[in-house]
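Visitor: model this:
(chains A and B)
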Amino acid sequence: NAGVTQTPKFRVLKTGQSMTLLCAQDMNHEYMYWYRQDPGMGLRLIHYSVGEGTTAKGEVPDGYNVSRLKKQNFLLGLESAAPSQTSVYFCASSYSAGENSPLHFGNGTRLTVT
Amino acid sequence: AQTVTQSQPEMSVQEAETVTLSCTYDTSESDYYLFWYKQPPSRQMILVIRQEAYKQQNATENRFSVNFQKAAKSFSLKISDSQLGDAAMYFCAYRSLGRNTPLVFGKGTRLSVIA
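Guide: Numbers count the residues shown, from 1 in each chain, chains lettered A, B, ... in the order given. Okay, here's the model as predicted:
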C-alpha cells in the first residue's frame, strides 16, 4: 500500500543545474499537485493536474515545469536551478475535488541549491 | 482568490491541557471545505479534521474538535488532553467546491507540548 511516493528524498544541486522530481501514486487518483514548503510560508502550490495530459499553474509556477503523461505519475522539473528554489517539495494526490476526497501527501523532497 | 491566515506562528501547551489554534479565511463563496493538517518532525502531512461549510455542526475527531464560525470566517482547532505526540506544525487549509480547485494553506502554527 504505497500511496504517494516521491523520489528522490534529498538532493543537492548547483546553480544552473537541472533535475526532475518524480511523484507516483497507486490509488488511481485524478488530481495531483506539487507544493513547496518554506519556513514561515506554509505550503504554496506550484503546479497541479486534474487528469492525465493536463496541467495548470498554481501560485508560484515560475522556474518550474510539469508533465502528467501517465495518470499515476506527475513530474516536476527545474530547468536551471536557483538558490531561491531551495525548499521542501511535496507531491499530493486526490481522487476528486470533493470534501470526501482528502489529499494524500508524499513524504517530501528536500532540495538544496548552492 | 481565497486566503487563509494563521495568526499564531507558535503555541505551547502543557501536557493534558487544552489548546486552541486559530485560523481565519477570506472568501466570497458560500460553500467550501476546511481542513486541519498536522505535520510532525517526520515531515509527513496528516489530515486531522475536516469541515463542510454547509454543515453547521462542528466536526469532532476524538480529542480534536473545531469551532466553525461561518459568518466570522473563522475555523479554530481545539486539542483536548494534549499529548507529547501532538507536537507538530498545524496547517489550516481551504478548498472551494469547484472542480479545478486546489487546497490553499495557511502559513502554519508550530505547537509545542510541555511535559
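Visitor: Tell me, how many residues neighbour B:L47?
Guide: 15 (other Cβ atoms under 10 Å in any protein chain shown). Yep, even glycine has a C-beta here, placed from its N, CA and C like the rest.
Visitor: Touching, it and A:S101? I think so.
Guide: No - using Cβ atoms under 8 Å, B:L47 makes no contact with A:S101, being 11.1 Å away.
Visitor: can you tell if stretch B:59-69 touches chain A?
Guide: No - counting by Cβ under 8 Å from any Cβ of the partner chain, chain A is not contacted by stretch B:59-69; separation bottoms out at 10.6 Å.
Visitor: Quick check: buried residues in that stretch?
Guide: Neighbour counts using 16 or more other Cβ atoms under 10 Å in any protein chain shown place B:59, B:64-66, B:68 of stretch B:59-69 among the buried residues.
Visitor: in those residues, which two residues are the furthest apart from each other?
Guide: Pairwise distances among those were taken by Cβ to Cβ; the largest, 13.0 Å, belongs to B:F64 and B:F68.
Visitor: what does chain B put close to chain A?
Guide: So chain B meets chain A at B:6, B:9, B:33, B:35, B:42-45, B:47, B:50, B:52, B:91, B:95-108 (Cβ under 8 Å from any Cβ).
Visitor: how about the strands of chain A, start to end?
Guide: Applying DSSP state E to chain A gives strands spanning A:4-7, A:10-13, A:19-25, A:31-38, A:42-49, A:56-57, A:65-67, A:73-78, A:87-94, A:104-105, A:109-113.
Visitor: Include distance to chain B when you put those into JSON lines, please.
Guide: Formatted as JSON lines, these follow (distance: least, Cβ to the nearest Cβ, whole Å):
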{"stretch": "strand A:4-7", "distance to chain B": "10"}
{"stretch": "strand A:10-13", "distance to chain B": "11"}
{"stretch": "strand A:19-25", "distance to chain B": "14"}
{"stretch": "strand A:31-38", "distance to chain B": "6"}
{"stretch": "strand A:42-49", "distance to chain B": "4"}
{"stretch": "strand A:56-57", "distance to chain B": "7"}
{"stretch": "strand A:65-67", "distance to chain B": "13"}
{"stretch": "strand A:73-78", "distance to chain B": "13"}
{"stretch": "strand A:87-94", "distance to chain B": "7"}
{"stretch": "strand A:104-105", "distance to chain B": "4"}
{"stretch": "strand A:109-113", "distance to chain B": "8"}
